[in-house]
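S.K.: based on what follows, work out the 3D shape:
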Amino acid sequence: MKVILGLGNPGKEYAGTRHNVGWWVLDHLADAWRTDGWRKDGEALTSSGTVGGLKVRLVKPQTFMNLSGAVLKPWLRRPFWAAASDLLVVSDEVQLPVGSYRFRAKGSAGGHNGLKSVEQALKTQDYARLRVGVGPDDPQRRIGDLADYVLGEFGKGERETVRASLPTFEEALRCWTTEGIEVVMNRFNR
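M.R.: Numbers count the residues shown, from 1 in each chain. Down below sits the predicted model:
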C-alpha cells in the first residue's frame with residue numbers, strides 16, 4: 001500500500017495557513033481519486049482508495065506539526081512496506097516561492113519540524129517528498145518571524161496560485177504510485 005502523508009496542523013484556525021498546504025493537496029487527491037471519506041485512525045484522519053490498481057492511503061496527522069511522524073509508527077511494523085518506496089510526504093517549503101515545488105527521493109528536513117518528526121519516526125531520510133513553495137516571490141523580501149509567517153494565511157493571489165498547481169500535483173502523485181519517485185522527479189520538477 002502506498003501512503004501519502006500531508007503535513008499540517010489540526011484546527012479550523014490553521015486551515016488556510018501556509019503550513020497546512022500538505023492538507024490542501026490531500027483534500028484535492030481525495031476528491032480527484034474519489035477515495036472513501038475521511039475517518040479517524042489513531043492520531044490521524046485517513047482516506048483510502050485505489051489508484052492505478054494500487055491501494056493508496058491518504059494520511060493527515062491530527063497531532064501538531066512537530067509530532068507528525070508518530071502516525072507512521074504502525075506502518076513501520078508492516079511486512080512488505082518500506083518508507084523508501086511506499087511513502088511520500090507533502091509539506092510546505094518557505095525557501096521556494098509560491099507557485100514552485102520540488103519532488104525529492106530523500107534528503108534533509110531543512111529545518112522543517114514536521115519533516116524532522118517524520119525522520120525521527122522512520123530513523124532515515126530515505127523517503128519521497130513533495131515540497132510546495134509558500135515563500136515570497138522576492139527572495140530579498142524579509143518575512144520576519146518564520147513561525148508567524150508559516151502560520152499566516154496565504155494572500156488571495158497566492159491561494160489561487162497554489163490551487164492552480166493542485167491538478168499537476170495529482171498527476172505527479174498518480175505517477176508516483178505506479179512509476180516511483182525518480183520518474184516523477186524527471187518529469188515534473190522545474
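S.K.: CA only for contacts and neighbour counts going forward, please
M.R.: Noted.
S.K.: ok, then the element right after the longest helix seen in the chain?
M.R.: Secondary structure of the chain per DSSP state H: the longest helix is helix 156-179. Note on helix 156-179: by DSSP states H and E, the next helix or strand toward the C-terminus is helix 181-188.
S.K.: okay, that following helix in PDB with CA atoms only?
M.R.: Output of helix 181-188 as PDB, limited to C-alpha atoms (Å, rounded to 0.1, in the frame of the first residue of the first chain):
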ATOM      1  CA  ILE A 181       9.800   9.000  -7.400                       C
ATOM      2  CA  GLU A 182      12.700   9.000  -9.900                       C
ATOM      3  CA  VAL A 183      10.200   9.200 -12.900                       C
ATOM      4  CA  VAL A 184       8.300  11.900 -11.100                       C
ATOM      5  CA  MET A 185      11.400  14.000 -10.400                       C
ATOM      6  CA  ASN A 186      12.500  13.700 -14.100                       C
ATOM      7  CA  ARG A 187       9.000  14.500 -15.400                       C
ATOM      8  CA  PHE A 188       7.700  17.200 -13.000                       C
END
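S.K.: counting by contacts, list what the longest helix of the chain packs against.
M.R.: Under the contact criterion of 3 or more Cα pairs under 8 Å, 6 or more residues apart in numbering; DSSP states H and E, helix 156-179 touches helix 21-32, strand 54-61, helix 181-188.
S.K.: again, only using 6 Å
M.R.: Packing partners of helix 156-179 (3 or more Cα pairs under 6 Å, 6 or more residues apart in numbering; DSSP states H and E): none among the helices and strands.
S.K.: how far does that helix sit from the chain's center?
M.R.: 11 Å (Cα atoms, centre = their mean, to the nearest Å).
S.K.: what average pLDDT does it get?
M.R.: The pLDDT scores in helix 156-179 average 96.
S.K.: name the surrounding residues that touch that helix.
M.R.: For helix 156-179, the external contacting residues (Cα atoms under 6 Å, 6 or more residues apart in numbering) are residue 99.
S.K.: if we go by neighbour counts, what in it is buried?
M.R.: Neighbour counts over helix 156-179 (16 or more other Cα atoms under 10 Å) mark 158-159, 162-163, 165-166, 169-170, 172-177 as buried.
S.K.: can you give me the buried ones in stretch 120-134?
M.R.: By neighbour count with 16+ other Cα under 10 Å, stretch 120-134 contains the buried residues 121, 122, 125, 126, 127, 128, 129, 130, 131, 132, 133, 134.
S.K.: buried ones in the helix or strand bottoming out on mean pLDDT in the chain, by neighbour count?
M.R.: None of the helices or strands of the chain scores lower by mean pLDDT, DSSP states H and E than helix 146-150, at a mean of 81. Buried residues in helix 146-150, defined by neighbour count with 16+ other Cα under 10 Å: 149, 150.
S.K.: kindly format the C-alpha coordinates of it as PDB.
M.R.: What follows is helix 146-150 as a C-alpha-only set of coordinates in PDB (Å, rounded to 0.1, in the frame of the first residue of the first chain):
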ATOM      1  CA  LEU A 146       9.300  32.300  10.500                       C
ATOM      2  CA  ALA A 147       6.600  30.700  12.700                       C
ATOM      3  CA  ASP A 148       4.300  33.700  12.300                       C
ATOM      4  CA  TYR A 149       4.900  33.600   8.500                       C
ATOM      5  CA  VAL A 150       4.100  29.800   8.000                       C
END
